[in-house]
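Asks: Coordinates only, no sequence provided:
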């Protein structure tokens with residue numbers, strides 16, 4: 001058990017913290033991309049409805 005504590009002590013500071021930051025960055029990027037995709041899908045839906053309304057008026 002003491003050997004494990006020695007290994008942890010020799011690790012450079014911030015190694016575990018950087019792993020968490022990388023994971024958080026990926027999650028943030030995914031959220032940003034998903035929000036863009038949702039906005040795009042909503043815009044397509046609105047445009048489709050507008051096209052359908054135009055077709056009915058003819």
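Replies: Structure's in. What do you need? None of the values given here were measured: they were computed from a predicted structure.
Asks: and residue 45, how many neighbours?
Replies: 10 (other C-beta atoms under 10 Å). Yep, even glycine has a C-beta here, placed from its N, CA and C like the rest.
Asks: so where is this structure shaky, pLDDT-wise?
Replies: Scanning the chain with the threshold set as pLDDT under 70 gives 1-11, 14-20, 58.
Asks: redo that, cut-off 80
Replies: For the chain, applying pLDDT under 80 flags the ranges 1-23, 53, 56-58.
Asks: In it, what residue spans correspond to helices?
Replies: Using DSSP state H, the helices of the chain run over residues 2-10, 15-57.
Asks: Single out the most deeply packed of these.
Replies: For the helices of the chain, ranked by mean neighbour count under the definition mean count of other C-beta atoms under 10 Å, the leader is helix 15-57 at a mean of 10.
Asks: which secondary structure elements does it contact?
Replies: With contacts defined as 3 or more C-beta pairs under 8 Å, 6 or more residues apart in numbering; DSSP states H and E, helix 15-57 has no helix or strand neighbours.
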